[in-house]
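Engineer: I'll drop the sequence and a predicted model, then ask my questions.
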Amino acid sequence: MDDPNPQNGAVRELDSDPASRKRFLKMAGAGGAGALALLIAACGSDDKSSSGSGSNTGSTAKSGSGSSGDSGIAQFGKGDVGIVKYALTLEYLEADFYKQAAESGMLKSKALELGKTFGEQEQQHVDALEAALKKMGQTLPDKPTGKFPLDSQDAILNLAATVENLGAAAYLGQADKIKSKEILAAALSIHTVEARHASALNQALGKTATPDGGFAKPASAAEVLKTVKPYIAS
């Protein structure tokens, strides 16, 4: 589990073993096939990432999925445990954000309905990741206390879009390092929901639904934690 080499991860095995991939897709559910295809494309072999399918995709995937340069994960633990604790910490922050946003009085009508729905789904992510850690015999990470700009509906929606786009990138940035197929299936199923949240919010703000084009861009834990740091109360 603590092997840092992404070549030994679950994604590589699924890419090379059709039988294993078939079993995994049953476990991952309806969104699993598309998410796995995207992940293999973004985090595939060096010759794929350097091909003519898009220079931005290749260079970003290479920097976002490297096993040794992601210093942000170390503070949470090793291997899958560290990745799950990192993901749970982000989900704690997202669930807290939507709770505070819904209670702020700034969201109205459809925006309030959207915020409540997304908040409930982020809490489901929290519950699932907490259960995964308990099953692994691990203690839960500390819940961060969020401090968010909630001065207007526009400010809330803009931050929500930032958080959801970042969340999708965060899961993609860790997926090729995951060793357990069960954890990978959970991560991909959450990743697809984060991406759908991001798309809906992007469109609500009059922005493109898919800002990265045909292939999503991963983000390292160090990059993600740096971005969310201003929204965590010290």
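Structural biologist: Arrived safely, thanks for sending.
Engineer: where does the chain dip in pLDDT?
Structural biologist: 1-71, 234 (pLDDT under 70).
Engineer: give the next helix or strand downstream of the helix ranked longest in it.
Structural biologist: Longest helix of the chain, by residue count under DSSP state H: helix 109-135. Under the assignment DSSP states H and E, the closest C-terminal helix or strand after helix 109-135 is helix 153-175.
Engineer: then that next one to PDB, C-alphas only?
Structural biologist: This file holds the C-alpha atoms of helix 153-175, laid out as PDB (Å, rounded to 0.1, in the frame of the first residue of the first chain):
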ATOM      1  CA  GLN A 153     -24.900  35.400  -3.700                       C
ATOM      2  CA  ASP A 154     -22.400  36.100  -6.500                       C
ATOM      3  CA  ALA A 155     -19.400  35.700  -4.100                       C
ATOM      4  CA  ILE A 156     -20.800  32.400  -2.800                       C
ATOM      5  CA  LEU A 157     -21.400  31.000  -6.300                       C
ATOM      6  CA  ASN A 158     -18.000  32.000  -7.500                       C
ATOM      7  CA  LEU A 159     -16.300  30.400  -4.500                       C
ATOM      8  CA  ALA A 160     -18.500  27.300  -5.000                       C
ATOM      9  CA  ALA A 161     -17.300  27.000  -8.600                       C
ATOM     10  CA  THR A 162     -13.700  27.400  -7.500                       C
ATOM     11  CA  VAL A 163     -14.100  24.700  -4.800                       C
ATOM     12  CA  GLU A 164     -15.900  22.200  -7.000                       C
ATOM     13  CA  ASN A 165     -13.500  22.600 -10.000                       C
ATOM     14  CA  LEU A 166     -10.600  22.200  -7.500                       C
ATOM     15  CA  GLY A 167     -12.200  19.200  -5.900                       C
ATOM     16  CA  ALA A 168     -12.500  17.400  -9.200                       C
ATOM     17  CA  ALA A 169      -8.900  18.200 -10.000                       C
ATOM     18  CA  ALA A 170      -7.800  17.000  -6.600                       C
ATOM     19  CA  TYR A 171      -9.400  13.500  -7.000                       C
ATOM     20  CA  LEU A 172      -7.900  13.200 -10.500                       C
ATOM     21  CA  GLY A 173      -4.500  14.200  -9.200                       C
ATOM     22  CA  GLN A 174      -4.400  11.300  -6.700                       C
ATOM     23  CA  ALA A 175      -6.300   8.500  -8.600                       C
END
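Engineer: what's the following helix or strand past that helix packed up against?
Structural biologist: As assigned by DSSP H and E, the chain's next helix or strand after helix 153-175 is helix 181-204. With contacts taken as 3 or more Cβ pairs under 8 Å, 6 or more residues apart in numbering; DSSP states H and E, helix 181-204 sits against helix 10-16, helix 18-28, helix 32-42, helix 79-103, helix 109-135, helix 153-175. Heads up, the C-betas are built off the backbone N, CA and C, glycines and all.
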